[in-house]
Every structure is written in structure tokens, then in C-alpha cells.
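Undergrad: Any chance you can model this:
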Amino acid sequence: MMSDNHLHEKNSVTDIEKDSALARDDLSVIIPGDKHGWLSHPLAKSLLVWGVEERGTVPVPEEERMDTQYYKIFFVWFSMNFNILSFSSGTLGPIVFGLGLRDSCLVILFFNILACALPAYLNTWGPRTGMRQMIQSRYSFGYFGIIIPAILNLIGLCGFNILNGILGGQALASVSSNMSWDVGIVIIFVIALLISFMGYRVLNWYERVSWFPVLIAFLVALGVGGKNLYMFNQQNLHPLLPFLASHLLLLGSSYLSAMASDFTMYYSPTVSRSTIFWYAYLGYIVPIVLLQCLGAAAVLAAPNVPSWNEGYGTEGNVGGLLEAMLSPVGNFGKFLTVLLSLSVTGNIACTLYSICFNFQVMIPAMSKVPRYVFSIVGTVIALPLSIVGAHKFYTALTNFLSLIGYWASAYGAVLLVEHHYFRKGDFSTYNHAIWNVPGRLPWGAAAITACILSFALIIPCMDQVWYKGPIGATSGDVGFEVAFPLAGILYVPLRKLELKYQNTRY
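TA: Below you'll find the predicted structure:
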């Protein structure tokens, strides 16, 4: 009996997308408006049989939310963040803000404890609503209003894919003098595209296994180079510098909020919300904190270790630094560097997966296009930009992503106020029947206006490379921290006014 139950659970998990489509006579449930179009094509049916997920932004009905392997969400976020981008992010405190190891690690720990809470909480909404994150957001921002956050999120997600591609390509190329960064970047993106193209089933499988070889590589790096991590000079700092560095940490987690429930919408709605929250929260915070602290220690020690300093170079080659750390074990070290370079594929694959839904929300007519098509589109956009950016605008891109990231803080506040204040925490108010009906969704004017008005105080609080506000110049960049409460407070009267004129009842 036990084996029969296990087999049933396995089938219910691995065939979610296939069962939910093939069990219906009308396959247009997955792609609305496609009764006799692409889904009736033999190739489309073959892809579905092979396990390719076609469902895009269409909500999953309650009876089709059957996945009970809730631990998978831990591995999705753990593997996504357990890579050389997290390691590279840890170097920013010492390199950009001149932080010492103690201050870098304290900033990394305490601000990530705070920053990871919102995306982890939004993960819990997926099983209750059966909706992608940006579709849920229509119930606050409206059918057309959500297009603006979708565009900003697309820019951010593509930007992070470019950064990941560059770092992975650099690391892969560092093991051979015959391989250029460009070739390494292409290899990284091709692997990530294949995973994202397949969708939910393959993506979850890959994230469950991809973290282990990365762990081995970092453990070996610590084993052979750990004694060098103590070789650094503690720096005397301005007391506000740790606070300034926190903005970069909050930036990364903010984009995770806008893709949170994309990976939990197939889970059974009966799951405890605390279960999903803690699986997601630990999946975020454990790899981020560990690798960012390691990155900070390594880059501080590099000037005192000739081989590390040479590998890191004047261009800040993180892949070269890791290869130098692993060089004492010879060819095995090169093999481990290859594994580390491939660690970014899990992040890029997840991001490409969420990019699909942002395209469909940005241009609603695109909902008729199969999800996996946009994995290709996202790759076509990011791949050439990664190749060019690796040599020309890596630093500029990092500064740009930091500059536009404030919107996500205001976005999160609006979602929370709408759900807890106006909808009283009742998930039944997210009616599946109106997810794509503009006239029955909120206008979105209140949400957009609250976010825009919050920038009246965000802008003076900025402290960026390209702009320093009068408050930010003296207190440090507190724009992200200000955006959240201010947008939430502004949203309450604006939403009440919107409800009065829209005459909508939950």
C-alpha cells in the first residue's frame, strides 16, 4: 500500500501539466483562445507528452493543484541563489563601499534576515490562489496597471540574467586559454534555455540536484584556501557605510518578490502556509548569507595572495578569483571551476521561466502564445547583451539595476495592504473568473498613483552612483526602506477613493 501511494504521488507531481491539459477536451484552458490553433498541432501535443509545460498565465483550478512535495520550493530557491552571483555580490561591500569583513558579514546577515521575509511570504500565496505572481498582482494593480511593474520587472530580470551570464562565462573561460568569455556565455545560456523551455517538472528536478556539485566545489575552495581568508587588513569606516551597502542586498531580494508564487501555484491549497514560508525563507537566506560572506572574505584577502590577486585582476574577474582559489588541486580544481560556472544556469533558468509570464502580462494578447516561446525570447535578448556587456558595460548595468530597483519595494507594500486591509486576508476574493476581465478587476489607478507619489520622498533619499539626493547624501541610501511604508500608507486612501467610484465589492 505504501508503494502504491508513493507511486500515485510521484505521478501526480510529474504529470501535473500534462494531466491538467489532456484530461480536458478543450485544450484552450492552457492557452486561452486557442481551440483550433497551436495546441491542436502534432508538435504541440508531442511537447506536452514529453513533459514540456505549456501553461502560461492561466490560473490553476483548485482541483488541479495536486503537488504535495512542498520541500521542492526550498531547493528551487536554494539552487537559484547558491551560485557565483551570490559570491560576487558579497564582494560589493569591500570593493564598492570599503567595508571590512566584520561589517560586510553583519550587513549581509541582518539585512538579508529582513529582506528575504517578503518574497518568502508571497510564496505562500501560490497554493491558495493558483496564480502566477504577476496575475495575482492584477487584483491590486489592475489589468492594464500591472503592465508597468511587469515592464520594470522584465528589465530587472533580464539584467540579472546578463550579470549571471557574464559571471558564468568568465568562470568557464578561466579554465582554458583557448576559450573566450563569449563562448562561455553562450554555453551557459544554452543550458539554462533547455531547462527553462521544459518548464515546471524539469526545472524542479534540476534545482533539486544542481546545488550539490556547487557545494563540493565551495567546500574544496575553503579547504585549500581557507587559511588565506584571514590575510586581510581591517578598514576604518564611516559609520554609515554598512547602511549604504544594505541597498544592494535589498535590491536582489526585491526582484524575488515579483516571481515568488510562479513556483508554488501547483501546490495543494491545503498545505500549511508556515511550511511554504520556512521552506522558501531558508532557501533564500542560507545560500545568500553563506556565499556573500565568503565572497567578502575572499576579495579582502585577494590583495595579499598573489595568485588570487592575479586571478581577480583589475577587471574584477570573479571567475578568475575562484579558479585561483581552486588552483592548488590542479586539474580537479579546473573541473570544480567548471561546476561553479554552471551554477548560474539554475538562476538563469528560473528567471527565464518567470520572464515568460511577465511578457504575457505586459502584452495580454501574448497569453495565446505557449509559455516556452518566451524562454527563447528572453534568451535572445540577454545572450547578445551579455557578450557585449562582459567587455563594455558590466559596471554600468549593475548601477542601472540598483537605480530602478526601488519600484519593487512599493509594489510589495501595495500587495500586502490590498490583501490584508481591503481583502481581509481572504484568498477567495481572488476570483479566477475575472483574472483576464479588465472591467471586473481594480482599475489600478490607486496602486500606480501610490507607487509614483512615493518617489517624491524616494528620490531625495537616493544615494546612487548616478544620482545623490539631499537626504541620501547625508544619511545614506534609504530610498528602498522609505518606499515600502510610504507606498503602503498612500495606497489606503487612494484605494478607498477608487472603490468608491468603481463601485466594486469583494
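Undergrad: Tell me where the longest helix sits in the chain.
TA: helix 273-301 (DSSP state H).
Undergrad: got the buried residues for it?
TA: Going by neighbour count (16 or more other C-beta atoms under 10 Å), the buried part of helix 273-301 is 276-277, 279-281, 283-301. Yep, even glycine has a C-beta here, placed from its N, CA and C like the rest.
Undergrad: just how off-centre is it within its chain?
TA: 14 Å (C-alpha atoms, centre = their mean, to the nearest Å).
Undergrad: What's the mean pLDDT across whatever helix or strand comes next after it?
TA: Next helix or strand after helix 273-301 toward the C-terminus (DSSP states H and E): helix 306-312. Averaging pLDDT along helix 306-312 gives 89.
Undergrad: Which residues does helix 306-312 contact?
TA: Contact partners of helix 306-312, identified using C-beta atoms under 8 Å, 6 or more residues apart in numbering, comprise 174, 225, 228, 298-299, 301-303, 317-318, 320-325, 327.
Undergrad: cool, stretch 485-494 as well?
TA: With contact meaning C-beta under 8 Å, 6+ apart, stretch 485-494 is reached by 409-411, 413-414, 416-418, 421, 445-447, 449-451, 453-454, 457-458.
Undergrad: Got a PyMOL select line for the buried ones in the residues you listed?
TA: One line in PyMOL is enough to select the buried ones among these; burial here means 16+ other C-beta under 10 Å:
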select buried, resi 409+410+411+413+414+416+417+418+445+446+447+449+450+451+453+454+457+458
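Undergrad: List the ones among the contacts of stretch 485-494 that fall in helices.
TA: Members of those lying in helices (criterion: DSSP H): 409-411, 413-414, 416-417, 445-447, 449-451, 453-454, 457-458.
Undergrad: Figure out how far the helix or strand harbouring Phe480 is from the centre of its chain.
TA: Phe480 is part of helix 479-502 when elements are defined by DSSP H and E. Distance of helix 479-502 from the chain centroid (C-alpha atoms, centre = their mean) equals 25 Å.
Undergrad: cool, stretch 137-144 as well?
TA: Distance of stretch 137-144 from the chain centroid (C-alpha atoms, centre = their mean) equals 21 Å.
Undergrad: what does stretch 176-186 give?
TA: Chain-centre distance of stretch 176-186: 26 Å, with C-alpha atoms, centre = their mean.
Undergrad: And for it, what's in contact with it?
TA: 165-166, 168-173, 334, 341, 383, 386-387, 390-391.
Undergrad: and with 10 Å instead?
TA: In this structure, residues lying in contact with stretch 176-186 by C-beta atoms under 10 Å, 6 or more residues apart in numbering are 162, 164-175, 187, 317, 319, 334, 338, 341, 382-391.
Undergrad: List buried members of the residues you listed by neighbour count.
TA: 162, 164-175, 187, 317, 319, 338, 341, 382-383, 385-387, 389-390.
Undergrad: Low-confidence bits of the stretch 251-400 of the chain, can you list those?
TA: Within the stretch 251-400 of the chain, the ranges that satisfy pLDDT under 70 run 251-254, 392-394, 396.
Undergrad: for the helix holding Phe480, what is the average pLDDT?
TA: Average pLDDT, helix 479-502: 93.
Undergrad: returning to what we had before: I'd like to know which of the contacts of helix 306-312 are buried.
TA: 174, 225, 228, 298-299, 301-302, 317-318, 320-325, 327.
Undergrad: Got the phi and psi for the residue nearest the centre of the chain?
TA: Nearest residue to the geometric centre of the chain (C-alpha atoms, centre = their mean): Leu256, 3.9 Å. Dihedral pair for Leu256: phi -70, psi -30, per degrees, to the nearest 10.
Undergrad: Return the residues in contact with the nearest residue to it once chain neighbours are set aside.
TA: Among residues not flanking Leu256 along the chain, Pro119 sits closest, at 3.9 Å (C-beta to C-beta, 6 or more residues apart in numbering). By C-beta under 10 Å, 6+ apart, Pro119 lies in contact with 77, 133, 253-261, 280-281, 283-284, 408, 412.
Undergrad: and Pro119, how far is that from Asn112?
TA: Using C-beta to C-beta, to the nearest Å, Pro119 is found at 11 Å from Asn112.
Undergrad: which intervals of the stretch 401-506 of the chain have sub-threshold pLDDT?
TA: Counting by pLDDT under 70, the ranges of the stretch 401-506 of the chain that qualify are 504-506.
Undergrad: what about 90?
TA: 401-406, 408, 458, 461-481, 502-506 (pLDDT under 90).
Undergrad: And the stretch 51-200 of the chain, by the same measure?
TA: 51-56, 84-86, 88-115, 156, 159-160, 163, 166-182.
Undergrad: can you tell me how far the residue nearest to Leu256 sits from Leu157?
TA: 14 Å.
Undergrad: who touches both of those two?
TA: What both Pro119 and Leu157 touch, as defined by C-beta under 10 Å, 6+ apart, is the set 255, 258-259.
Undergrad: possible to save these as TSV with distance to Pro149 and secondary structure?
TA: Converted to TSV, these look like this (distance: C-beta to C-beta, whole Å; DSSP: H, G, I helix; E, B strand; the rest coil):
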residue	distance to Pro149	secondary structure
Tyr255	11	helix
Ala258	7	coil
Met259	12	coil
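Undergrad: Break down the stretch 301-450 of the chain into its helices, ranges please.
TA: All helices of the stretch 301-450 of the chain, identified by DSSP state H, counting those that start in this stretch, fall at 306-312, 318-326, 331-342, 344-362, 371-392, 394-404, 406-417, 445-458.
Undergrad: now the angle between helix 371-392 and the fourth one, please.
TA: Read that as helix 344-362. Put simply, helix 344-362 runs at 120 degrees to helix 371-392, going by axes from the mean of the first three to the mean of the last three C-alpha atoms, to 10 degrees.
Undergrad: Could you do the second one as well?
TA: Interaxial angle of helix 318-326 relative to helix 371-392 (the same axes, to 10 degrees): 80 degrees.
Undergrad: swap in the third one?
TA: Between the direction of helix 331-342 and that of helix 371-392, the angle (the same axes, to 10 degrees) works out to 120 degrees.
Undergrad: helices or strands up against helix 331-342?
TA: On a contact count with 3 or more C-beta pairs under 10 Å, 6 or more residues apart in numbering; DSSP states H and E, helix 331-342 meets helix 84-90, helix 147-173, helix 181-198, helix 211-225, helix 318-326.
Undergrad: which one of these lies closest to Asn431?
TA: Closest approach to Asn431 among these (C-beta to C-beta): helix 147-173, 20.6 Å.
Undergrad: mind checking how far that closest one is from the chain centre?
TA: Taking the mean of its C-alpha atoms, helix 147-173 sits 10 Å from the chain's own mean (C-alpha atoms, centre = their mean).
Undergrad: contacting residues around Leu342?
TA: Per C-beta under 10 Å, 6+ apart, neighbours of Leu342: 83-84, 168, 171-172, 187-188, 191-192, 210, 213-214, 217.
Undergrad: That should have said Pro213, apologies.
TA: The neighbours of Pro213, taking C-beta under 10 Å, 6+ apart as the test, are 335-336, 338-340, 342-343.
Undergrad: 7 Å - rerun?
TA: With contact taken as C-beta atoms under 7 Å, 6 or more residues apart in numbering, Pro213 is in contact with Leu339.
Undergrad: what does Trp435 give?
TA: Counting by C-beta under 7 Å, 6+ apart, Trp435 has contacts 59, 131, 135, 138.
Undergrad: quick one: which of those has the most company?
TA: Highest neighbour count within these, by other C-beta atoms under 10 Å: Arg138, with 28 neighbours.
Undergrad: how distant is the helix or strand that contains that one from the center of its chain?
TA: Using DSSP H and E, Arg138 maps to helix 133-141. Computed by C-alpha atoms, centre = their mean, the chain-centroid distance of helix 133-141 equals 17 Å.
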